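1. Fold the following, please.
(one chain, ligands or ions: 2)
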Amino acid sequence: MDAQQLKDDIIEYSKTIGIDKIGFTTADIFTELKERLRTQQELGYQSGFEKGTVEERTEPTRLLPQAQSIVAIAIAYPSRMKNAPKGTKEERRGIFCRASWGTDYHVVLRDRLNKLAAYMEEKVPGAVTKSMVDTGELSDRAVAERAGIGFSGKNCAIITPEFGSYVYLGEMITNIYFPPDSPVEDSCGDCRKCLDACPTGALVQGGQLNAQRCLSFLTQTKDFMAEEFRVELGNRLYGCDTCQQVCPRNKQIDFHIHEEFEPVNEAAKPKLKPMLTVSNREFKDKFGHMSGSWRGKKPIQRNALIALAHFKDKTAVPSIIQIMNEDPRPVMRGTAAWSLGKIGTPEAYAAIEAAMTKEKDDNVLFEMEKGLAFKTSAAIH
Ligand code: SF4
Ligand code: SF4
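-> Ligands and ions are numbered 1, 2, ... in the order given. I've put the predicted structure just below:
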């Protein structure tokens with residue numbers, strides 16, 4: 001079959017299975033990305049969640065030796081929550097980032113890519129495909145950029161002309177030849193809003209991200225969060241949307257095309273206090289459908305302690321004391337102590353002092369000292 005005709009057929013078919021944008025590129029090496037990844041590695045800017053070697057991440061034929069093309073897909077997700085529940089002084093709420101609202105996008109995009117693969121295999125006998133979403137070796141963004149899905153913003157997101165950067169990306173390497181699309185001719189120009197708005201200075205320069213400073217990555221870690229980031233965390237429980245929210249290209253962008261991505265509001269913007277005591281079972285039932293639950297409840301609970309400190313929520317003090325005294329996980333006990341110090345009621349300080357006489361873990365004791373230091377600094381000021 002004529003390659004252009006096949007491409008047109010696939011574009012048409014993609015619209016019928018809930019793919020909002022599709023682009024095609026070659027299976028050539030991602031030369032620029034290779035350089036960038038090496039620099040990222042040398043500077044220690046990687047998150048550690050990356051899969052594969054630099055070669056595997058930039059040379060499609062290492063993943064599929066007979067590769068000729070890569071098909072990139074994009075699916076839009078909402079940026080606004082309908083009837084968003086509001087936090088109150090007694091019931092503060094945290095927030096999951098938009099990309100984790102609704103059903104885990106890995107599941108949805110894999111489904112779409114499987115359908116696309118089945119269609120291609122039916123049309124072209126001998127077609128071979130290999131699909132990836134986020135966790136594969138290839139960079140979804142580099143593929144999307146080269147396949148004309150959007151341009152790469154200084155916030156490191158792919159910005160599409162139609163849906164802004166609120167899109168999920170996935171791709172499929174195949175042995176079928178398709179005429180490649182051209183990259184989108186656009187750029188951020190002089191704008192630097194995202195760089196200025198990033199709370200931790202993680203966007204080192206336009207298009208380069210230091211993942212080790214990015215709240216999106218840091219909310220997913222399981223250890224203690226460094227104090228400089230705790231104070232910037234706000235009420236984020238998972239991920240960070242700031243550099244997308246401030247982007248002028250996302251102004252008025254809010255697509256509710258796919259039912260799967262509509263948030264369950266009580267899960268996407270949950271109450272913080274119940275999060276502290278949620279059981280594994282409850283966590284799975286309530287948050288298990290979201291991509292933001294992939295690291296389990298520990299990072300989310302740690303972030304909830306920090307968010308309660310951010311709000312200085314006095315009503316949470318008894319629950320936080322209980323965590324500090326009884327939780328078997330040092331990260332939770334220590335972060336609870338820090339959080340209590342930050343909230344700073346007499347009851348909170350007294351509880352830290354009492355707990356210090358029993359605590360054996362050095363890291364937790366260190367956090368307790370930090371918690372009590374807030375008392376000293378409050379007395380001085
Ligand atoms: Fe900065 Fe948040 Fe964007 Fe990360 S996600 S670069 S912390 S604004
Ligand atoms: Fe580009 Fe400005 Fe958007 Fe940043 S905020 S990605 S600089 S357009």
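2. so where's this structure uncertain?
-> 206, 381 (pLDDT under 70).
3. Now do the contacts for the residue most central in space within it.
-> For the chain, the residue nearest the mean C-alpha position is residue 239 (4.5 Å; C-alpha atoms, centre = their mean). Counting by C-beta atoms under 8 Å, 6 or more residues apart in numbering, residue 239 touches 96-100, 215-216, 219, 292. Yep, even glycine has a C-beta here, placed from its N, CA and C like the rest.
4. what do you get if the cut-off is 6 Å, keeping everything else the same?
-> If a contact means C-beta atoms under 6 Å, 6 or more residues apart in numbering, then residue 239 has 97, 100, 216, 219 as its contacts.
5. so which of these are also by ligand 1?
-> Near ligand 1, judged by C-beta under 6 Å from any ligand atom, the entries from the contacts of residue 239 are residue 216.
6. out of the contacts of residue 239, who's nearest ligand 1?
-> residue 216 (4.1 Å; C-beta to the nearest ligand atom).
7. Name the residues that touch stretch 300-309?
-> 94, 219, 230, 233, 235, 237, 272, 275-276, 316, 331, 335-336, 339, 342-343.
8. Quick check: nearest residue in space to the residue of the stretch 1-150 of the chain found nearest ligand 2, chain neighbours excluded?
-> Taking C-beta to the nearest ligand atom as the measure, the stretch 1-150 of the chain has residue 150 as its residue closest to ligand 2, at 10.8 Å. Take residue 150 and drop its neighbours on the chain: the residue closest to it by C-beta to C-beta, 6 or more residues apart in numbering is residue 160, 3.8 Å away.
9. do the same with residue 97
-> residue 239 (2.7 Å).
10. Against residue 216, how distant is that neighbour?
-> Going from residue 239 to residue 216 by C-beta to C-beta, to the nearest Å gives 5 Å.
11. Equivalent analysis for residue 82, please.
-> 24 Å.
12. Give me the more crowded residue out of the two.
-> residue 216 (19 against 10; other C-beta atoms under 10 Å).
13. name the element the more buried one belongs to?
-> helix 215-218 (DSSP states H and E).
14. buried residues in whatever helix or strand comes next after that helix?
-> Heading C-terminal from helix 215-218, the first helix or strand you meet, by DSSP H and E, is helix 227-233. With burial defined by 16 or more other C-beta atoms under 10 Å, the residues of helix 227-233 counted as buried are 229-230, 232-233.
15. Wasn't residue 74 part of a strand?
-> Yes: secondary structure of residue 74 (DSSP: H, G, I helix; E, B strand; the rest coil): part of a strand.
16. these two touch, right, it and residue 167?
-> Yes: Residue 74 lies in contact with residue 167 (C-beta atoms under 6 Å); the separation is 4.2 Å.
17. Specify the residue ranges that define each domain of the protein.
-> For the chain, automatic domain parsing gives the domain ranges 3-88+96-174, 315-381.
18. would you turn those domains into JSON lines with distance to residue 266?
-> Formatted as JSON lines, the domains of the chain follow (distance: least, C-beta to C-beta, whole Å):
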{"stretch": "domain 3-88+96-174", "distance to residue 266": "7"}
{"stretch": "domain 315-381", "distance to residue 266": "18"}
